[in-house]
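1. Based on what follows, work out the 3D shape:
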Amino acid sequence: MDINFNKNEDHNKLKLSELRKKLTEVKLGGGKKRIEKHHSKGKMTARERINYLLDSDTDVIEVGAFAGDGMYEEHGGCPSAGVIVKIGYVQGKQCVVVANDATVKAGAWFPITGKKNLRAQEISIENKLPIIYLVDSAGVYLPMQDEIFPDKEHFGRIFRNNAIMSSMGITQISAVMGSCVAGGAYLPIMSDEALIVDKTGSIFLAGSYLVKAAIGESIDNETLGGATTHSEISGVIDYKTKDDKDALDKIKNIVGKIGDFDKAGFNRIEAKNPTENQEDIYGILPASRSDQYNMMEIIKRLVDNSEFEQYKEGFGKTILTGYARIDGWAVGIVANQRKVVKTKKGEMQFGGVIYSDSADKATRFIANCNQKKIPLVFLQDVTGFMVGSKSEHGGIIKDGAKMVNAVSNSVVPKFTVVIGNSYGAGNYAMCGKAYDPRLIVAWPSAELAVMSGNSAAKVLLQIEKASLEKKGEKITEEKEKALFNQIKSRYDNQVSPYYAASRLWTDAIIDPLETRKWISMGIEAANHAPIEKQFNMGVLQV
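-> All right, here's what the predicted structure looks like:
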């Protein structure tokens, strides 16, 4: 091992340590005091409920753990967007589980909460996975109601999705384990089956105070919308349960009787671990995002038997394409090569940049995977498309458009891993969030932005300087340096993987060694949804 390997390893393991520390903080939700108060009411926390519901000793992945991170600080913050979303197994069946975290503002919905709930439903819809809602929420966070209530992708979309999912035959089960008020009361009742926990669960369109104010009726919340009322009088609820565990046990029984599903038929054989040491990834991945490395060495540590069958190996070398297996599943991999490569004509091409020949190769490979019904995995470390007169005259825009077209129209499931840079149109061509990957995750080394912090700061500095000089200010070398550092610091914060994850531009930030699990569980989920349309790229400028 060389000195650079050791430096890289130290750098990446420090980043991993930071990730683990942040996850530990996030998992406390509203904090230890609020957790204790929650327990004092005889209730389990959202995370405890999910852990009890899911089969023990099975794989599980959490979507959006960092949603809301660093946002709404003037309102006291919103860890994990106040709702926990996990994909795991209940009685051996893969399910999406959504649980309001009542230790965070009583489970109230912030704008990011709505976005995260919609993401959970999107995963359920795309993969036709059963979804389980563990409801314990005070409803819309009123100080921000204008950002969560009326628009297309706001609160009301949840119930629209409930109806659409029901018509698609996707199983939805809701357990009311705390408050369930106002518009939120529709969610459990629009599910296929609904449960309520006695004494702690309640459902009503308006609570006792609002009822008194609106129509002058005096009534307590339990009589108005408690478990007995809705299971014995209104008939709104299907099952009354004595406590949280009883409700979760009932859900297990219901899920355990769901019949088998039609399969998409993705190819899988017995899984094999990579023969190369997976932990070498920490030493291979450079500490500096501008340094070169061989993406092939990363791929060998992600795929079964470290076997990667390259497609068009000698052509378009700044993108690697080829077939492999991950946890037994057949996959097609499209990866940015981050080392400088030489073409047959003796020309040098920059690593991480998409050239015309690379885009052309990737387009053809994506089409092949669609024809063969092979899921696609994109490994992003891209700075964008090549610029300059030679590239423009060679039709880089046309070739780039072909690749974007192929990614957009792909009908096989796509999975994206942001390993390093994810800049500009390169993010799009390599299946960024806007191109509907079934799951998109980032490593702690990831950066997502229009361009790098350094490049952006230089551009923004020129704009700032021109503005100040117009006002008659003299820009000294010292002031210019201070301005540059100020701009770069602000921009660097925005390219952080945590900034992206807090806004759900990615589903998670993960340890690189968890990549195989995420892709495997993602393909297993996608296998629930047979492909119903043909791959068609429409009209192309060829």
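
2. D136 contacts M177, correct?
-> Yes - using Cβ atoms under 8 Å, D136 is in contact with M177, at 4.9 Å. For the C-beta atoms, the positions are set from N, CA and C on the backbone; glycine is no exception.

3. list residues touching both of the two?
-> Residues touching both D136 and M177 by Cβ atoms under 8 Å, 6 or more residues apart in numbering: K43.

4. Name the spans of the stretch 1-150 of the chain whose pLDDT lies under the cut-off.
-> Within the stretch 1-150 of the chain, the segments meeting pLDDT under 70 span 1.

5. what are the ranges of the strands in it?
-> 61-63, 83-90, 93-100, 131-137 (DSSP state E, counting those that start in this stretch).

6. of those, which approaches E392 most closely?
-> Nearest to E392, of all the strands of the stretch 1-150 of the chain, is strand 61-63, at 40.2 Å by Cβ to Cβ.

7. Show me which residues of that closest one are buried.
-> Within strand 61-63, the residues that count as buried by 16 or more other Cβ atoms under 10 Å are 61-63.

8. quick one: low-confidence parts of the stretch 351-500 of the chain?
-> Scanning the stretch 351-500 of the chain with the threshold set as pLDDT under 70 gives 453.

9. what ranges do the strands span in it?
-> 353-354, 376-382, 384-385, 414-423, 439-442, 447-449.

10. Show me what the longest one pairs with in its sheet, parallel or antiparallel.
-> Each strand pairing with strand 414-423, determined using DSSP bridges, is listed with its direction: strand 376-382 (parallel), strand 439-442 (parallel), strand 447-449 (parallel).

11. neighbouring contacts of the last one?
-> Just to be clear, that refers to strand 447-449. Counting by Cβ under 8 Å, 6+ apart, 289, 418, 420-423, 427, 432, 442, 453, 456, 491, 494-497, 499-500, 505-506 sit against strand 447-449.

12. ditto for the longest one
-> Counting by Cβ under 8 Å, 6+ apart, strand 376-382 makes contact with 295, 298-299, 302, 326, 331-336, 338, 352-354, 366, 369, 410, 412-423, 426-427, 429-432, 437, 446, 519, all of which sit outside it.

13. buried subset of the contacts of strand 447-449?
-> 289, 418, 420-423, 427, 432, 442, 453, 456, 491, 495-497, 499-500, 505-506.

14. Next, the buried residues of stretch 9-17.
-> Neighbour-count burial for stretch 9-17, counted by 16+ other Cβ under 10 Å, picks out 9, 11-12, 15-16.

15. Pull the distance from that stretch to the chain's centre.
-> From the chain centre to the centre of stretch 9-17 is a distance of 22 Å (Cα atoms, centre = their mean, to the nearest Å).

16. repeat for stretch 436-450
-> Distance, centroid of stretch 436-450 to centroid of chain: 8 Å (Cα atoms, centre = their mean).

17. buried stuff in it?
-> Within stretch 436-450, the residues that count as buried by 16+ other Cβ under 10 Å are 436-449.

18. Let's have the residues you listed in JSON lines, adding distance to R47.
-> Compiled in JSON lines, these are given as follows (distance: Cβ to Cβ, whole Å):
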{"residue": "D436", "distance to R47": "29"}
{"residue": "P437", "distance to R47": "26"}
{"residue": "R438", "distance to R47": "24"}
{"residue": "L439", "distance to R47": "21"}
{"residue": "I440", "distance to R47": "23"}
{"residue": "V441", "distance to R47": "20"}
{"residue": "A442", "distance to R47": "22"}
{"residue": "W443", "distance to R47": "24"}
{"residue": "P444", "distance to R47": "22"}
{"residue": "S445", "distance to R47": "27"}
{"residue": "A446", "distance to R47": "25"}
{"residue": "E447", "distance to R47": "30"}
{"residue": "L448", "distance to R47": "27"}
{"residue": "A449", "distance to R47": "32"}
